[in-house]
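Participant: model the structure of this input:
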Amino acid sequence: MTMDIIVGIGDYAYSNKQSDYLKTYALATCVGVTVYCPVTLSAGMVHIVLPDHRNSSSYISKAGYFANIGVPLLITKMQKAFGCQTSDLKVQLFGGANSINQNDCFMIGSKNVEAISAVLHEMGISCHRTSVGGNVSRTITLSVATGVVTIASQPLKF
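Facilitator: Below is the predicted model of the structure:
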């Protein structure tokens, strides 16, 4: 029986059930990071909102909210649960859109992508595919069985 596991804002999930699909909706400035291990046939996803918890003035309790916490956490959980080796992981990034507001001084989308890329580099993991930037919102679905990610996108309205 096919099962969609919904990954909400700041959440993460992982699975090795071949009938599962991991899915997150409406990635604009947020970044969806997918991790697939073809050796163990396992997959994970985290929905990153902000680059670094040290730059936030508020306490956020969701482990996947920040790039510098969420990405290492997901990878560590998959290594412990399924025995994934770092060298086997196929990582992909989606989202990180630019605001259509020309006066956007925060540029959260690109900062998220930069922070995630830095974390992956520190962990010795390369990114295999990206669909980031632009002015679109992306909804992504990751097949645990194949590691294939499908993308549905629509123009941003903000």
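
Participant: from here on, just use CA atoms for contacts and neighbour counts.
Facilitator: Will do.

Participant: tell me the bridge partners for residue 44.
Facilitator: residue 14, residue 35 (DSSP bridges).

Participant: that one and residue 135, how far apart?
Facilitator: 26 Å (Cα to Cα, to the nearest Å).

Participant: more neighbours: these two, which one.
Facilitator: The neighbour count for residue 44 versus residue 135, taken as other Cα atoms under 10 Å, is higher for residue 44 (27 against 20).

Participant: check the gap between that one and residue 106 for me.
Facilitator: For residue 44, the distance to residue 106 - Cα to Cα - is 28 Å.

Participant: residue 12 too?
Facilitator: Taking Cα to Cα, one finds residue 12 at 25 Å from residue 106.

Participant: quick one: which of these two has more around it?
Facilitator: Neighbour count, other Cα under 10 Å: between residue 12 and residue 106, residue 12 has more, with 27 against 10.

Participant: quick one, what contacts the nearest residue to that one once chain neighbours are set aside?
Facilitator: Using Cα to Cα, 6 or more residues apart in numbering and skipping residues adjacent in sequence, the residue nearest residue 12 is residue 46, 4.1 Å away. Residue 46 makes contact with 7, 10-13, 32-34, 64, 70-71, 74, according to Cα atoms under 8 Å, 6 or more residues apart in numbering.

Participant: are any of those buried, and if so which?
Facilitator: When the contacts of residue 46 are checked for burial by 16 or more other Cα atoms under 10 Å, the buried set is 7, 10-13, 32-34, 64, 70-71, 74.

Participant: check which helix or strand covers the most centrally placed residue in the chain.
Facilitator: The centroid of the chain falls nearest to residue 33 when counting by Cα atoms, centre = their mean (1.8 Å). Element membership for residue 33 (DSSP states H and E) is strand 31-37.

Participant: which other residues reach that strand?
Facilitator: Against strand 31-37 from outside (Cα under 8 Å, 6+ apart): 24, 42-49, 71, 75, 84, 88-96, 109, 112-113, 140, 142, 144, 147.

Participant: what does stretch 3-15 give?
Facilitator: Residues outside stretch 3-15 that contact it (Cα under 8 Å, 6+ apart): 19-25, 42-49, 62-66, 70, 74, 78, 144.

Participant: what of stretch 133-152?
Facilitator: Taking Cα under 8 Å, 6+ apart as the rule, stretch 133-152 contacts 15-28, 32, 34, 36-38, 41-43, 94-100, 109-110, 153-156.
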